[in-house]
Structures are given as C-alpha cells and as structure tokens.
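Enquirer: with the input below, show me the fold.
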Amino acid sequence: MRVFRVGHREKTFTIADKPFPIGPYNRDDYNADLNTDMIRAHGGWGSHKHHPTPAADPYLNGVYSWEVCGFSSLGALLDWFETFLQTLDRNGYALWVYDVPDEDVRVGMRCGQLVFEPESAVKVSMSRLPLDPEQLALFDAEGTSSPDQG
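Expert: Numbering: from 1, shown residues only. I've put the predicted structure just below:
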C-alpha cells in the first residue's frame, strides 16, 4: 500500500536497526513554534471529528510501539496539516511516501489516517512542504503516484 507521512528531513529514531524520520508529534523533539499551535488545533474542541487520535479511532484503537502514523492519500495528509505546511517545512519536516505491505498497515475509520510498521516501509520519495503546483501535478488524482525526489 502507498503510504504518505510527514517526517523530519534529518532527525530520526531507530527501529529494527533502521533509521526512520520522526513525525511532528514526537514528544522527544518538542518545538514550541510547531507543536503548541498544531497540538492545540488538533487536540481542541471537536478535533476528534477532524483530527482523531489513533486511540479515538475505533478501527485503530491506538498505536503500538512498533507503529507510526501516516495517511492513505496525499489529499488526506494535506487536509490534516492544511494550515501548518509552511510551519512544518520551516521546522525541517517533509512529505515522505512509502510502499508498505498491506499486512503491515492498519487503516482508520476517518480522515485517511492509518498506522504502519516502519520496519517494512520502502521509501518511494521525499518532497519539501508545502508542495507547489508543479509538485502536486506529479501525483495522480488519487495521490498514489510520485516521482523519486530524494
């Protein structure tokens, strides 16, 4: 399955002896410029409908220690982080695209959110955020194709 994720361009954590980009909600890399506003927006009143935590999603029931979050489409990722794309870029985050075996992905009920096992993820591409119109045109209408950009 093609998986879309926001991850840091340089900062990683290690899983199964493999470095993997940390995500923007990583508590070990707290950054007030990014985290405070984004967590307030995603954790505020009504956010369970638009930004449910994996624990609030009945299809996911949380994230296991060997999993990370991602999205089933580029559109879902862009909707989730809509007003934070420039802030994410300023703080070193990028769009990562992976191919992950279906059996290593659990898809949530809402918002295109999913969790997957980074150990089995194969990088397809990495692009700066926000994507400009030329970059967006490289993805097909369903957000499943991408050139290798890094």
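
Enquirer: pretty sure I15 is touching A121, no?
Expert: No: assessed by CB atoms under 8 Å, I15 is found out of contact with A121, at 9.8 Å. Every C-beta, even on glycine, is put in place using the N, C-alpha and C of the backbone.

Enquirer: so which of those two has more stuff around it?
Expert: Using other CB atoms under 10 Å, the more surrounded residue of I15 and A121 is A121, with 23 against 16.

Enquirer: immediately after the helix or strand bottoming out on mean pLDDT in the chain, which helix or strand?
Expert: Lowest mean confidence among the helices and strands of the chain (mean pLDDT, DSSP states H and E): helix 47-50, at a mean of 57. Counting by DSSP states H and E, the next helix or strand C-terminal to helix 47-50 is strand 68-71.

Enquirer: buried ones in that next one?
Expert: Residues V68, C69, G70, F71 are the ones in strand 68-71 that count as buried (16 or more other CB atoms under 10 Å).

Enquirer: now those residues as a markdown table including pLDDT and distance to V115?
Expert: Formatted as a markdown table, the buried residues of strand 68-71 follow (pLDDT from 0 to 100; distance: CB to CB, whole Å):
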| residue | pLDDT | distance to V115 |
| --- | --- | --- |
| V68 | 94 | 7 |
| C69 | 94 | 6 |
| G70 | 97 | 7 |
| F71 | 96 | 10 |
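
Enquirer: using TSV, please lay out these together with distance to P101.
Expert: TSV is the format used below for the buried residues of strand 68-71 (distance: CB to CB, whole Å):
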residue	distance to P101
V68	15
C69	17
G70	14
F71	17
